[in-house]
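K.L.:
sequence below, structure please.
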Amino acid sequence: MEQSPEQNLVFQLGLFTKARTALDAALADDAGDVKSRNSLLLTYVFTFEMAIKSLRASLAVRGLNTPDYASAVLKAALRAQLLDDAAKWEQLKDHRNDVSHAYDECKAILIAAFVHEQASACFSKLALRLESHD
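P.N.:
Have a look, this model is predicted:
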């Protein structure tokens with residue numbers, strides 16, 4: 001049996017919550033070494049993906065069907081006023097894409113710093129917004 005858009009949103013928000021919890025743990029455990037940084041970056045990518053899936057599910061509840069890729073979901077979410085900082089979410093997406101280049105230690109350190117300083121707060125703000133709209 002297929003889930004309704006509302007059921008899918010609840011399911012996706014649950015996954016997003018678990019991902020944010022894992023990201024918070026990775027942030028707390030980050031000792032600045034390569035192993036903990038790699039863990040942080042992988043958890044960041046997973047959390048970003050759950051954010052996109054949650055946004056897409058929220059858009060579907062509103063009757064908006066978007067392609068299943070981050071750029072399209074972010075544009076639609078901005079139009080639907082689920083996001084209010086286009087530049088920040090573009091940065092989140094770009095850093096997600098750049099994680100594949102984490103073998104470049106300077107880039108990995110830069111992305112990890114961004115996650116510490118800004119990403120977690122963006123994800124938390126989005127979760128509050130999506131939970132209040134459901």
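K.L.:
give me the element the residue nearest the centre of the chain is part of.
P.N.:
Centroid check for the chain by CA atoms, centre = their mean gives Phe48 as the closest residue, at 2.3 Å. According to DSSP states H and E, Phe48 maps onto helix 34-61.
K.L.:
before we move on, the earlier item: surely the residue nearest to the centre of the chain touches Gln91?
P.N.:
No: using CB atoms under 8 Å as the test, Phe48 is too far from Gln91 to be in contact (11.1 Å). Heads up, the C-betas are built off the backbone N, CA and C, glycines and all.
K.L.:
excluding chain neighbours, what is closest to Leu126?
P.N.:
Ala51 (5.8 Å; CB to CB, 6 or more residues apart in numbering).
K.L.:
spell out the secondary structure type for the closest residue in space to Phe123 that isn't next to it in sequence.
P.N.:
In space, and not counting its chain neighbours, Phe123 is closest to Arg20: 5.4 Å by CB to CB, 6+ apart. Under the three-state scheme (DSSP: H, G, I helix; E, B strand; the rest coil), Arg20 adopts helix.
K.L.:
Arg20 and Leu64: what is the separation?
P.N.:
Going from Arg20 to Leu64 by CB to CB, to the nearest Å gives 24 Å.
K.L.:
tell me, how many residues neighbour the residue nearest to Phe123?
P.N.:
Applying other CB atoms under 10 Å, we find 19 residues neighbouring Arg20.
K.L.:
list the contacts of it.
P.N.:
By CB atoms under 8 Å, 6 or more residues apart in numbering, the contact set of Arg20 is 47, 50, 120, 123-124, 127.
K.L.:
with Val115 instead?
P.N.:
For Val115, the contact set (CB under 8 Å, 6+ apart) comprises 23, 27, 40-41, 44, 95.
K.L.:
same check on Arg79?
P.N.:
By CB under 8 Å, 6+ apart, the contact set of Arg79 is empty.
K.L.:
other SSEs contacting the helix or strand in which Ser120 is found?
P.N.:
Here Ser120, judged by DSSP H and E, is contained in helix 120-133. Applying 3 or more CB pairs under 8 Å, 6 or more residues apart in numbering; DSSP states H and E, one finds that helix 120-133 contacts helix 5-29, helix 34-61, helix 86-98.
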